[in-house]
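Chemist: turn this into a model:
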Amino acid sequence: MEGKFVGGPMAGVSVIGQPNIEERRLDNPGLSTVCSNTRDGYSKVVSSGDTIFTLIGFTGLYFVLGLLFLYLVGREIGHGPEEEIAVNEGKAPAL
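Modeler: Take a look at the predicted model:
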């Protein structure tokens, strides 16, 4: 069967949610009605200003998280390693 994963125990999983898989084959002459053109790929609702604002917001958020990470790592490095706790103080090691 063309375009279908047929091996393994999960063979039927590849077609779940694709009831019209035969209509989406590349050799189908009616494919242009199923797929959209690139020029139709933009949103008519979300403006470019909304996109820029969101991009700047997420960039700022990750910048602050990066600074927090560097601060916490620097603080841990500044503290140094933990001191060892002497379990057998003054006693001979157990064999």
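Chemist: alpha carbons only for contacts and neighbour counts from here, please
Modeler: Fine.
Chemist: show me where pLDDT drops low in this protein?
Modeler: Along the chain, segments meeting pLDDT under 70 span 1-36, 85-95.
Chemist: where along it do the helices fall?
Modeler: For the chain, the helices defined by DSSP state H occupy 31-34, 48-79.
Chemist: turn the ones you listed into a markdown table, including distance to Gly41 and mean neighbour count.
Modeler: As requested, the helices of the chain are arranged in a markdown table below (distance: least, CA to CA, whole Å; neighbours: other CA atoms under 10 Å):
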| stretch | distance to Gly41 | mean neighbour count |
| --- | --- | --- |
| helix 31-34 | 14 | 10 |
| helix 48-79 | 14 | 11 |
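Chemist: dump those helices into CSV; add distance to Asp40 as well.
Modeler: What follows is the helices of the chain, written out as CSV (distance: least, CA to CA, whole Å):
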stretch, distance to Asp40
helix 31-34, 13
helix 48-79, 15
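Chemist: of those, which is nearest Tyr42?
Modeler: Of all these, helix 48-79 sits nearest to Tyr42, with 10.1 Å by CA to CA.
Chemist: run through the neighbouring helices and strands of that closest one.
Modeler: The helices and strands touching helix 48-79, judged by 3 or more CA pairs under 8 Å, 6 or more residues apart in numbering; DSSP states H and E, number zero.
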